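**Student:** What follows is a predicted structure for the sequence shown.
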Amino acid sequence: MTKELIQFALHEFEKQENSIQKIYENRLCSFCGACILVCPVDAIEYHDTQIVVNDLCTKCGDCLVICSQNQKERYQTKLFQKESNKKINQYFSKFKSIPFGFFNNLYNCKTTKKDIRDHAMVGGATLAILSCTLKEKEVDKIIATEFIENKQFPTAVSTNSYDRLLKSGGSKYLPTMSLEILKEISQDEKINSCIITTLPCQAYVIEKLRNQKETEDLVKKIKYVITLLCGSGLPTREDVEVFLKKKKIETNPNDLEIHRERRKKLWRINPQHEERYIYKSEDGREYDFSSKQILRTRKKPNCSSICPDYTGIHSDISIGGSSISRNLIITRTEKGEELVKEAISKGYLKDLKKFNFLERIIIKFMGNNKRKINREYYKKLFRN
Ligand code: SF4
Ligand code: SF4
Ligand code: SF4
């Protein structure tokens with residue numbers, strides 16, 4: 001199945017009418033929000049993780065060009081050339097097969113601040129860097145995602161408040177359409193610069209927007225891009241439907257409440273934030289599932305089936321976590337490097353220097369798992 005999807009992603013998009021609808025219907029959508037951002041006539045509607053292209057569509061094709069899942073360009077540019085991994089291979093000598101992309105430096109860090117740790121998913125590195133960037137006035141706004149009342153899925157927000165930033169803490173591997181907010185940011189005269197936290201596919205779109213004359217203004221205020229490592233994609237509405245059916249729960253995904261809470265697991269040193277799907281049935285029974293449980297019942301491919309990027313190679317800084325409350329930080333640009341160094345020197349982050357064996361195993365497992373998912377894609381990529 002993956003092979004057919006790759007062929008579709010690499011060759012068929014431009015031949016299809018209404019391709020954005022096709023991307024969604026073929027379960028390739030990563031809910032990045034880029035198509036809504038660029039559509040000149042607001043023809044793309046997004047409700048409850050469903051995408052509908054309405055009759056206003058003029059078939060201009062702008063949405064298709066920018067779509068993060070239109071992989072043709074990625075395939076042609078061979079972003080994962082083996083030589084780019086030389087330095088990482090020296091560091092992770094046994095783990096040559098993980099595609100990390102170009103990078104400057106690697107850090108193993110955790111935050112030193114208790115309030116950040118309490119709101120973070122793992123080691124708090126992302127929140128620590130964002131807090132430092134805000135307090136040192138490097139940027140006017142931070143673009144993050146948070147749960148807003150009456151909305152089932154998280155929403156992109158821009159803020160310069162430290163308290164609000166803390167509330168937005170923790171990765172949210174849920175559909176957010178967060179790039180949609182860039183239109184508002186680009187038009188707001190009070191904002192001159194911002195930092196954005198994204199998934200790898202969204203960082204790729206930001207790079208695409210930067211490289212097109214017609215869209216460069218939408219991203220010119222973005223000073224830094226921080227990307228969270230993303231291994232298996234996001235649970236879609238259809239995944240939730242399949243899961244509920246399998247569990248013989250008769251309801252629809254909209255009846256589920258999604259929220260985040262800290263949970264302790266046997267194999268984790270510290271409790272971590274998790275997205276929980278909660279459902280209270282009419283007969284008073286309460287069901288409580290994690291997004292990982294939902295993804296386990298996923299039979300069909302999703303965005304990760306064709307997504308080659310685990311670490312976010314288009315960002316200034318990539319950040320991942322491990323079960324032992326630390327973060328892997330990959331700096332890819334000089335300005336990303338400076339930001340991390342500043343967070344360390346100002347006491348927001350503690351540099352733990354080396355990765356231990358367990359952390360290396362986790363990173364290897366995550367990177368290779370994604371490669372396994374889209375093995376066909378990689379085969380093709382390295383063959384050409
Ligand atoms: S083809 Fe053009 S008008 Fe139609 S949805 Fe895409 S961007 Fe909008
Ligand atoms: S992947 Fe992004 S750009 Fe493509 S259809 Fe989904 S939301 Fe739109
Ligand atoms: S797997 Fe790839 S396309 Fe899907 S959400 Fe993660 S980074 Fe985006």
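**Tutor:** On my side now, so go ahead. Ligands and ions are numbered 1, 2, ... in the order given.

**Student:** So I116 versus L165, what's the distance?
**Tutor:** I116 sits at a distance of 9 Å from L165 (criterion: C-beta to C-beta, to the nearest Å). All C-beta spots, glycine's among them, are computed from the backbone N, C-alpha and C.

**Student:** more neighbours, the two?
**Tutor:** Of the pair I116 and L165, I116 is the one with more neighbours under other C-beta atoms under 10 Å, namely 24 against 21.

**Student:** thought the more buried one was touching K167?
**Tutor:** No: taking contacts as C-beta atoms under 8 Å, I116 lies outside contact range of K167: 11.9 Å.

**Student:** Excluding residues flanking it in the chain, which one is nearest the most centrally placed residue in the chain?
**Tutor:** Note on the chain: the residue nearest the mean C-alpha position is L199, at 1.9 Å, using C-alpha atoms, centre = their mean. When the adjacent residues along the chain are set aside, L199 lies closest to C230, with 4.8 Å between them (C-beta to C-beta, 6 or more residues apart in numbering).

**Student:** Three-state assignment for that neighbour, please.
**Tutor:** Taken by DSSP: H, G, I helix; E, B strand; the rest coil, the conformation at C230 corresponds to coil.

**Student:** ok, the residue of the chain most remote from its centre to ligand 1 distance?
**Tutor:** Relative to the C-alpha centroid of the chain, counting by C-alpha atoms, centre = their mean, D283 is the outermost residue, at 37.2 Å. Here D283 is placed at a distance of 44 Å from ligand 1 (C-beta to the nearest ligand atom, to the nearest Å).

**Student:** so where does that residue fall, helix or strand?
**Tutor:** Using DSSP states H and E, no element contains D283; it sits outside every helix and strand.

**Student:** do the same with E214
**Tutor:** Element membership of E214, judged by DSSP H and E, is empty: it is in no helix or strand.

**Student:** nearest residue to it other than its sequence neighbours?
**Tutor:** Nearest in space to E214, with sequence neighbours left out and distances taken as C-beta to C-beta, 6+ apart, is D62 at 8.0 Å.

**Student:** Count the neighbours of that neighbour for me.
**Tutor:** As a burial measure, D62 scores 19 neighbours (other C-beta under 10 Å).

**Student:** Now for it: which residues touch it?
**Tutor:** If you count contacts by C-beta atoms under 8 Å, 6 or more residues apart in numbering, D62 has them with 38-40, 214.

**Student:** Just the ones of those residues in strands?
**Tutor:** Members of the contacts of D62 lying in strands (criterion: DSSP state E): none.

**Student:** which of those residues are buried?
**Tutor:** Among the contacts of D62, the ones that count as buried by 16 or more other C-beta atoms under 10 Å are 38-39.
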